[in-house]
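J.: have a look at this prediction, sequence included:
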Amino acid sequence: MFLTPSDFIGKYELHTGMFDQVKLQDYIDKYEKRYLIELFGATLYDEFISDLDANFYPQSPNFIQIFEPFHQNVNLYQLLISEGILEMLKGFVYFEYSKDLMNVMTPFGNVKQKSENSTLVSTLNSMIFTRYNEAVRTYKSIRDFILLNSTLPVGQAVEFVINNAGSLYLSNSNVQLNQIGLVDVASLNSIGTGYTTTTGVTTIGGNGVGLILDIVDDGSGGVLSFTIVNGGSGYAQGDIVTIDAGNQDATITIDEVINTIVGSGCTINFVANNIGGCSATTLTAAGTGYIDSIDVATTGGTGTGLTVDVIEDGSGGVASIIIKESGLNYTIGDPIIIQSGNNDATFTIDAVTNGEVTEITIFEGGTNYSIGDTFIVNGGNNDSNVSISYIGKGSFGAYNGVDKIFAYWL
């Protein structure tokens, strides 16, 4: 799973001939699993294995912390030093494989090998136990770290999916997320005065933004009833919101919201398309004097910063272009000149981007989230909608591994 015969080089070098490689792989398959189960205990081992990605690397912060090498002061005269799980496994597999090389099964039974040109070293001088004890040191450090951090939180946001890319966003980092808090049920609190039947009425107040209503008046300037057109985001049960029309004195109480989230503390980095960035073009004139070129500047249109890669048609004209940098603030239909050759190749802009969120990475994972928790990304038009698709594992409180002792001597 983690190791292959090719990993046993340098200080872990083993004889790996054609037949030995198959044998070594058998040892890897057996002892990787056994030592990891002993390290974690059955429950935490299963959780660890379920957290691995396609490259057999953990995804959750708790497991990443113990998978990689670490060093940490615990208290006076106690220091944890881990070489990482991969180094630990190399040491244990090296030990199990090497000790068995001392014996060979023959038709006459199990025999001890003897060399004609060298003398077998005693265990005192054998690297077998040195490698084993190095692995035990890392094993003990990981085990102690788990025991000392049994209350480490889980449920960190690890991965998001973008449900709605939104608009008018600028790439940003360490951005807080708004809970969806979508208003599902609300009741009229005060009918107010000066209102008339109107659609698409905005609201003021509460913890959220974006609640929009259609209202029906009672014939005397009060609000008779309303319909939620857009539930907005970030609202909380019990919020009192003012209907932003009439004399601004009709209020409603929010009775139920969708998707109340328990977790907290997550912030993200996100990448957004340029606002007015060129995303599609039509070549209108091939021009003359052009050659294959990359990152060629352009002029014209309402924006700036658009560059293209040019593919020449064999006669000095432009056969096609590839957008290199999309630029900013362009408009559909803008005529653009390619600044190369004789400056006479042109194209028009057919489509532009509008600040859509395209990529999300975690800045702070927070704690206690659930898969499916959904948020609004702050910024732009506050209309990008994202959900957590993977949360952190590593419930160290479920640890039930075993201790290991050093082999014969330190």
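T.: Great, that's in hand.

J.: tell me where this protein has helices.
T.: For the chain, the helices defined by DSSP state H occupy 18-40, 42-50, 61-67, 85-100, 127-148.

J.: would you turn these into TSV with mean pLDDT?
T.: Conversion of these to TSV gives the following (pLDDT from 0 to 100):
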stretch	mean pLDDT
helix 18-40	88
helix 42-50	97
helix 61-67	97
helix 85-100	93
helix 127-148	94
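
J.: let me see the contact set for the residue nearest to residue 128 when sequence neighbours are not counted.
T.: Sequence neighbours aside, residue 98 is the residue nearest to residue 128 in space, at 4.7 Å (criterion: Cβ to Cβ, 6 or more residues apart in numbering). In short, each C-beta sits where N, CA and C put it, glycine included. If a contact means Cβ atoms under 8 Å, 6 or more residues apart in numbering, then residue 98 has 14, 127, 128, 131 as its contacts.

J.: make a ChimeraX selection of the buried ones in the residues you listed.
T.: The buried subset of the contacts of residue 98, as determined by 16 or more other Cβ atoms under 10 Å, is captured in ChimeraX by this line:
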select :14,128,131
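
J.: shaky segments in the stretch 301-410 of the chain?
T.: 408-410 (pLDDT under 70).

J.: 90 instead?
T.: Scanning the stretch 301-410 of the chain for pLDDT under 90 picks out the ranges 372-376, 378, 381-385, 387, 407-410.

J.: partners of the residue nearest the centre of the chain in the sheet?
T.: In the chain, the centroid-proximal residue (Cα atoms, centre = their mean) is residue 159; its distance is 3.8 Å. Residues in a beta bridge with residue 159, per DSSP bridges, are residue 390.

J.: against residue 396, how distant is it?
T.: Separation of residue 159 from residue 396 (Cβ to Cβ, to the nearest Å): 21 Å.

J.: one step back: which of the helices of the chain sits closest to residue 309?
T.: helix 61-67 (38.6 Å; Cβ to Cβ).

J.: buried set for the closest one?
T.: Buried, per 16+ other Cβ under 10 Å, within helix 61-67: 61, 62, 63, 65, 66, 67.

J.: hang on, the earlier thing: out of the helices of the chain, nearest to residue 372?
T.: So among the helices of the chain, helix 42-50 is nearest, using Cβ to Cβ, at 18.0 Å.

J.: any chance you could list what contacts that closest one?
T.: 36-37, 39-40, 58, 63, 146, 393-396, 398-401.

J.: farthest pair in these?
T.: 58 and 400 (19.0 Å).

J.: neighbour count for those two, which is higher?
T.: The neighbour count for residue 58 versus residue 400, taken as other Cβ atoms under 10 Å, is higher for residue 58 (21 against 10).

J.: residue contacts, that one?
T.: 48, 51, 52, 64, 67.

J.: out of those, flag the one nearest to residue 258.
T.: residue 51 (29.5 Å).

J.: roughly how far does that closest one sit from residue 75?
T.: From residue 51 to residue 75 the distance is 30 Å (Cβ to Cβ).

J.: who has more neighbours, those two?
T.: Shown here are residue 51 and residue 75; by other Cβ under 10 Å, residue 51 has more neighbours (20 against 7).
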